[in-house]
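*Asks:* here you go, sequence then predicted model.
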Amino acid sequence: MLIELNKKIVECLTKTELGVIRFINENEERLSELSIVDIAFETYTSPATVSRAIRKANLHGFNELRCKCLDKANDNSLNLANEIMYQSFNETQNIIESISVRRILQAIERIDAAKKVYVFGRGLSEYVAEEFSFKLQLMNKDSMFIKDPNIIRQKSKQLKEDSLIVIFSLNGQTPELIEAARNVKIGGAKILCCCCNPSSELIALSDTPLIGYSEPYSRITQYEVKSRLPLYVISRMITEYYAQK
């Protein structure tokens with residue numbers, strides 16, 4: 001059996017939850033192909049019920065259950081897909097755990113206090129920065145997104161004390177963004193930096209640094225295209241909270 005049952009576990013399970021565990025054990029060979037929604041559908045329950053049953057059976061969640069199937073499955077394609085999904089799950093969990101809620105609240109205060117917000121981003125981080133700026137605009141905040149390196153350099157020299165610069169950078173090593181942050185420091189405007197490199201100069205220059213977690217690997221090794229998921233999560237946390245104020 002994929003999930004070992006003993007008297008203690010059975011006593012903790014409701015009749016419905018026990019039915020879910022039995023379904024999982026009876027369909028072990030199919031499990032790598034099923035999602036938690038599929039299991040809920042086939043057992044006439046809900047994803048929440050499936051998740052609760054699995055946790056009562058002393059597993060941390062559905063993804064740990066999937067992991068137990070990896071060694072038993074013979075399909076290399078399914079194994080790889082499950083492995084990538086498990087890595088993505090771990091990355092998301094680490095991202096959430098790494099973000100300081102207090103810093104998020106400080107970021108909201110900075111945005112509230114700023115007369116105008118300038119959002120800078122380069123490379124793949126541009127997409128995060130542009131979406132962030134657009135959402136602020138939808139909430140009637142005066143915001144401008146800039147990606148052109150020359151404009152970033154020039155604009156950063158003109159910012160006043162009542163402005164806020166928001167920088168999205170995964171590694172925090174983009175030269176024009178570092179130069180811009182130095183210029184802003186001289187001018188007196190505030191800096192909010194969203195980055196995943198705690199030793200970056202951008203973090204050191206930031207008045208409100210938001211540090212996320214980034215996986216140290218990428219399966220695409222020829223280019224610098226690591227996931228911007230941590231930046232998206234930080235962006236969403238700020239904008240979702242700001243929308244409720």
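*Replies:* Perfect, I can see it now.

*Asks:* before we move on, which element is residue 102 in?
*Replies:* helix 101-113 (DSSP states H and E).

*Asks:* and the very next helix or strand once past that helix, C-alpha only, in CSV?
*Replies:* Downstream of helix 101-113, the next assigned helix or strand under DSSP H and E is strand 116-121. Taking Å, rounded to 0.1, in the frame of the first residue of the first chain, the C-alpha atoms of strand 116-121 are listed here in CSV:
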residue,chain,number,x,y,z
LYS,A,116,4.6,59.4,-7.7
VAL,A,117,5.9,55.9,-8.0
TYR,A,118,8.5,55.0,-10.6
VAL,A,119,8.9,51.3,-11.3
PHE,A,120,12.2,50.1,-12.9
GLY,A,121,12.9,46.6,-14.4
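
*Asks:* now do the domain split for this structure, please.
*Replies:* Using automatic domain parsing, the domain ranges for the chain come out as 7-97, 99-244.

*Asks:* what residues are up against the closest residue to residue 127 other than its chain neighbours?
*Replies:* Of all residues not flanking residue 127 in the chain, residue 228 sits nearest, at 7.1 Å (Cβ to Cβ, 6 or more residues apart in numbering). Backbone N, C-alpha and C define where each C-beta goes, glycine included. Counting by Cβ atoms under 8 Å, 6 or more residues apart in numbering, residue 228 touches 124-125, 127-128, 170.

*Asks:* those: which two are farthest apart?
*Replies:* Maximum pairwise distance among these (Cβ to Cβ): 11.7 Å, between 127 and 170.

*Asks:* residue ranges of the strands in the chain, please?
*Replies:* 116-121, 143-146, 163-169, 190-195, 208-211 (DSSP state E).

*Asks:* want to throw these into a markdown table with distance to residue 45 and mean pLDDT?
*Replies:* Shown next, in a markdown table, are the strands of the chain (distance: least, Cβ to Cβ, whole Å; pLDDT from 0 to 100):
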| stretch | distance to residue 45 | mean pLDDT |
| --- | --- | --- |
| strand 116-121 | 43 | 97 |
| strand 143-146 | 44 | 97 |
| strand 163-169 | 40 | 96 |
| strand 190-195 | 39 | 95 |
| strand 208-211 | 38 | 93 |
